[in-house]
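1. got a structure for you, letters missing:
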């Protein structure tokens, strides 16, 4: 093993050891299932903001966005940023405060429990349906995170994919099982800092190697349609292709997913004081815009480095490794730079781990709190409930490892599909539950089921038709789900008086 790789490995090992230590320290703070899954609603505004955004971004921030900018230019990445930034801001602005207040009032610690308690669903159907949606979409989502870690170690050190994937999974499982939600949130804060440092280091290094910012911009300008928001650069033909209205709408629709993301919504429920949400919103929104902007600049800088011959020319999915290539070049400048490169590559791990730990907790809580306790009414003592929660988390993680066993699986496709699933199933239900007094449990259940069905129908039957039908499945499924929710709510009996009275109390201006 070369000196460069040794330096990288040392930095990564120190980082991973630090994550486990946080889990050990914070394990003492979990005195109940509520502490394990929601941190006892003790999160401060900075931790809430940064852990929410770190768990949101995943490896897309350091791999997906730079790779997309490297290949196709500003249109794809620009409209993606607009959609995601708008979704982030609106979610914090209109959902966070009311969800925090409502969830505490009805004593809900999971999203399925919130839906069930909000509508006083005595049948348990809404809670079990919500829990199944989380399990169905989160287990493969978690598996994609494990796969990303395995591929990273495999490409860096030539390690066996399966061994690298399992080791990564074990580390994530360890600190999450021990520390629960609080550990996941604190580590997510640290991981967001590591991501930020990684982005800045790689960008500054890349600009220097490429010959300055002027050289980076000049290279991009020389490519047809690279800087346009209505055309996309085609690296194969070296020409531009139209980026039409339907494609723009489809790309910006990613922002709708935020209203239904359980691991983000749980952060809103966990903040210590609702009057601190404004601070969190500002921190989260500013960080997201800056981080995504830098990620795009990294892709553009990497392209200039390839044109100069500093790093290889990357094609197709290999473009997502542009940051890895830049960090590898940095590591060859000496042992100190190798350690810095290790920090950069730890940033990629941080992106993946910060999402996977939150997904594990959300899926585990669905099994223990929503299915076992909420639906089947299996009551347990505090210590036993905590043990069962940890065992369920381990079982779900093992299932994720099994699903990630195929090293050729597409990480991005899994993430895209799961994002659409949550956005369409939970987004409309959450918005109507918080803002429409007349909505009821049957409308919520019908909308949720319809959203799930439409995701599969549009993805596998409608979208392949192409043309005007080539729209990201989240948009049509979200719209149809919210329409069905409204219609069914109106044709079925109105909510009971105590449900609407509680709604009025929670939504009253303060």
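-> Great, that's in hand. Since the structure is predicted, the reported quantities are computational estimates derived from the model, not experimental observations.

2. Strands of the protein, start to end?
-> Taking DSSP state E as the test, the strands found in the chain are 231-234, 239-242.

3. Let's have these in a markdown table, adding mean pLDDT.
-> Below are the strands of the chain laid out as a markdown table (pLDDT from 0 to 100):
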| stretch | mean pLDDT |
| --- | --- |
| strand 231-234 | 90 |
| strand 239-242 | 90 |
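
4. ok, residue 295 to residue 49 distance?
-> Look at residue 295 and residue 49: by CB to CB, to the nearest Å, they are 19 Å apart. (C-beta placed from N, C-alpha, C; glycine too.)

5. go on, residue 77?
-> As defined by CB to CB, residue 77 lies at a distance of 23 Å from residue 49.

6. ok, now residue 126?
-> Going from residue 126 to residue 49 by CB to CB gives 30 Å.

7. Neighbour count for these two, which is higher?
-> residue 49 (28 against 21; other CB atoms under 10 Å).

8. remind me which residues of the stretch 251-400 of the chain are low pLDDT?
-> The stretch 251-400 of the chain contains residues with pLDDT under 70 at 351, 354, 357, 375, 377, 380-383, 385-386.

9. Show me where the stretch 151-300 of the chain has its helices.
-> For the stretch 151-300 of the chain, applying DSSP state H, counting those that start in this stretch gives helices covering 161-210, 213-221, 245-252, 262-270, 277-308.

10. any idea of the angle the first one forms with helix 213-221?
-> Angle, helix 161-210 to helix 213-221, by axes from the mean of the first three to the mean of the last three CA atoms, to 10 degrees: 110 degrees.

11. Off-centre distance for helix 161-210?
-> 13 Å (CA atoms, centre = their mean, to the nearest Å).

12. what is the mean pLDDT for it?
-> Averaging the model's pLDDT scores along helix 161-210 yields 80.

13. Can you check what angle separates that helix from helix 262-270?
-> Going by the same axes, to 10 degrees, helix 161-210 makes 80 degrees with helix 262-270.

14. now the angle from helix 161-210 to helix 277-308?
-> 80 degrees.

15. ditto for the shortest one
-> Interaxial angle, helix 245-252 versus helix 277-308 (the same axes, to 10 degrees): 120 degrees.

16. For helix 245-252, name the packing helices and strands.
-> Applying 3 or more CB pairs under 8 Å, 6 or more residues apart in numbering; DSSP states H and E, we find helix 245-252 packed against helix 74-90.

17. how much space between the residue nearest to residue 47 when sequence neighbours are not counted and residue 135?
-> Distances taken as CB to CB, 6 or more residues apart in numbering put residue 189 closest to residue 47, at 5.1 Å, once the chain neighbours are dropped. Applying CB to CB, the value for residue 189 to residue 135 is 27 Å.

18. who's more crowded, those two?
-> Per other CB under 10 Å, whichever of residue 189 and residue 135 has more neighbours is residue 189, with 22 against 19.

19. got a list of what the more buried one touches?
-> Taking CB atoms under 8 Å, 6 or more residues apart in numbering, we find residue 189 in contact with 46-47, 50-51, 54.

20. make it 10 Å
-> Residues counted as contacts of residue 189 (CB atoms under 10 Å, 6 or more residues apart in numbering) are 22, 43-44, 46-51, 53-54, 354.

21. out of those residues, who's nearest residue 436?
-> The closest of the contacts of residue 189 to residue 436 turns out to be residue 48 (CB to CB; 26.1 Å).

22. who touches that closest one in this structure?
-> Counted by CB under 10 Å, 6+ apart, residue 48 has contacts 39, 92, 96, 100, 185, 188-189, 267-272, 276-277, 279-281, 283-284.

23. Please check those residues and keep the buried ones.
-> 39, 92, 96, 100, 185, 188-189, 267-272, 276-277, 279-281, 283-284 (16 or more other CB atoms under 10 Å).

24. Not counting residues beside it along the chain, what's closest to residue 421?
-> In space, residue 421 is closest to residue 137, 4.1 Å off (CB to CB, 6+ apart).

25. what about the one you found, neighbour count?
-> Neighbourhood size, residue 137 [other CB under 10 Å]: 26.
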